[in-house]
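Chemist: Structure for this input, please:
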Amino acid sequence: MIHKIIFITILQGFFLNLLFASPLDFSDKSDFEVLEKVKDVSLNKTFVGLVVAHNIGGKKFLARVSQGLINGEIQKKREFFDKGTEYIHNGTESREYFLNEKLVKIRNNAAPVFPNFLLFHSQEILKHYNLIRLGLSDIKIANKTSIVFELESKDSMRWGVRFWVDSASGLLLKLQYMDSQSNVLKKEFFAEISIDPASSNNLNLSAPDSNNWRKIYISSFTDENAGLIYNKSYDNGFSLVKCLNANVIDSNQTNEKNFVRHQCFFSDGVALISAITHDQKPMNLYQFSRGCMSQKIGLKGNKPMYIGGCVPSETIQYFFNKLNVE
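Modeler: Residues are numbered from 1 along each chain as shown. Model (predicted):
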């Protein structure tokens, strides 16, 4: 009987420790270690949650996002409620399922997907941002206590980024891009989340049965040296991530149709810029900003070019002037 009481007491203590686990301590971690922790957890942690995404000035989206192991590999699934589409992300491949049309678009994905937002090495990120530690948040996100950080831009080429991580696991819960006056330009956050859910059935990581669906292949990674847009790195910190040979290949059609000639991604580790040369001339030549997104469409070397990204409009103009078009 005594042994049983002791066992129950130990068991109760164990569960109490789980319920009231102390928050992660980042005080002895370097800025590099903080970013590496956030990136690692966001890429590998198992979770399911409801995500709200809003580019200020644009439409707000709701998506159910699950991440977990499928056949020994991490897979992420996003289900957009008002679009009738589902995305499966596995490594560098992204599959977009249009449920009503029985169509799947298969493409390579060079950009990070929430809750991850970091590309490249953390030491490169810290060359162009100061990491500010704002401490425990006084407001819960998805009913979870969080620790707040901010990546403050060291120049005018990029926006600042404020992010909240779960104090128990380190998983990113909320992300905001801000301009130089601290106005929020874009935000993504979990409205609800279950981290390491007890039942894997709650994850719903399976892809729709698309064996008999129409398939369109959008892009493939290419040797960047062969790209029409190419420059290895820039003095301001942006460097080439990947180039895509963005041909549209419809598996049900005999003739290939070129949609986009080339698309190249450049990043400073946080901000991402996409540069595209089109096959057809754009109808309008313009530059504008909305929310965190800035775009410029025009002619470069007598070729139609699109530059866009979540950066100031001056940065888009810089890239438009700087990029080579052979």
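Chemist: any weak-confidence spans in the stretch 201-326 of the chain?
Modeler: Along the stretch 201-326 of the chain, segments meeting pLDDT under 70 span 201-202, 224-228, 230-233, 253-260, 280-283, 326.
Chemist: ranges for the strands of it?
Modeler: Assigned strands in the stretch 201-326 of the chain, in chain order: 214-217, 220-221, 239-245, 249-250, 260-267, 272-278, 286-290, 293-300, 303-309 (criterion: DSSP state E, counting those that start in this stretch).
Chemist: Can you give the strand pairings for the first one, parallel or anti for each?
Modeler: According to DSSP bridges, strand 214-217 has the following sheet partners: strand 103-108 (parallel), strand 249-250 (antiparallel).
Chemist: what do you get for the fifth one?
Modeler: In the sheet, strand 260-267 lines up against strand 239-245 (antiparallel), strand 272-278 (antiparallel) (DSSP bridges).
Chemist: quick revisit: need the strands of the stretch 201-326 of the chain in a markdown table with distance to Ser194 and mean neighbour count, can you?
Modeler: Bear in mind the C-beta positions are built from the backbone N, C-alpha and C, glycine included. What follows is these, written out as a markdown table (distance: least, Cβ to Cβ, whole Å; neighbours: other Cβ atoms under 10 Å):
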| stretch | distance to Ser194 | mean neighbour count |
| --- | --- | --- |
| strand 214-217 | 33 | 16 |
| strand 220-221 | 34 | 12 |
| strand 239-245 | 32 | 19 |
| strand 249-250 | 39 | 16 |
| strand 260-267 | 31 | 22 |
| strand 272-278 | 29 | 21 |
| strand 286-290 | 33 | 13 |
| strand 293-300 | 31 | 18 |
| strand 303-309 | 33 | 20 |
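Chemist: Nearest to Lys39, out of those?
Modeler: For the strands of the stretch 201-326 of the chain, proximity to Lys39 was assessed by Cβ to Cβ; strand 260-267 is nearest, at 13.4 Å.
Chemist: Please save the CA atoms from the closest one in CSV.
Modeler: Extracted in CSV, the C-alpha atoms of strand 260-267 (Å, rounded to 0.1, in the frame of the first residue of the first chain):
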residue,chain,number,x,y,z
VAL,A,260,7.5,32.2,-67.2
ARG,A,261,11.0,32.1,-68.6
HIS,A,262,13.0,32.3,-65.4
GLN,A,263,12.4,33.0,-61.7
CYS,A,264,15.1,33.6,-59.2
PHE,A,265,14.9,34.1,-55.5
PHE,A,266,17.2,36.4,-53.5
SER,A,267,17.2,36.7,-49.7
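Chemist: how much does it deviate in direction from strand 303-309?
Modeler: Interaxial angle of strand 260-267 relative to strand 303-309 (axes from the mean of the first three to the mean of the last three Cα atoms, to 10 degrees): 30 degrees.
Chemist: chain center to strand 260-267, what's the gap?
Modeler: 17 Å (Cα atoms, centre = their mean, to the nearest Å).
Chemist: What of stretch 81-99?
Modeler: On the basis of Cα atoms, centre = their mean, stretch 81-99 sits 14 Å off its chain's mean C-alpha point.
Chemist: Same check on stretch 193-209?
Modeler: 20 Å.
Chemist: repeat for stretch 119-129
Modeler: Centroid separation for stretch 119-129 versus its chain: 16 Å, with Cα atoms, centre = their mean.
Chemist: Would you mark the buried spots in it?
Modeler: When neighbours are counted by 16 or more other Cβ atoms under 10 Å, the buried residues of stretch 119-129 are found to be Leu119, Ser122, Glu124, Ile125, Leu126, His128, Tyr129.
Chemist: Alpha carbons of that stretch, as PDB, please.
Modeler: Output of stretch 119-129 as PDB, limited to C-alpha atoms (Å, rounded to 0.1, in the frame of the first residue of the first chain):
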ATOM      1  CA  LEU A 119      16.400  31.300 -44.800                       C
ATOM      2  CA  PHE A 120      20.200  30.900 -44.900                       C
ATOM      3  CA  HIS A 121      22.600  30.900 -42.000                       C
ATOM      4  CA  SER A 122      21.800  32.800 -38.900                       C
ATOM      5  CA  GLN A 123      25.200  34.500 -38.800                       C
ATOM      6  CA  GLU A 124      24.300  36.100 -42.200                       C
ATOM      7  CA  ILE A 125      21.000  37.300 -40.900                       C
ATOM      8  CA  LEU A 126      22.700  39.000 -37.900                       C
ATOM      9  CA  LYS A 127      24.900  40.900 -40.300                       C
ATOM     10  CA  HIS A 128      21.900  42.900 -41.400                       C
ATOM     11  CA  TYR A 129      19.600  42.800 -38.300                       C
END
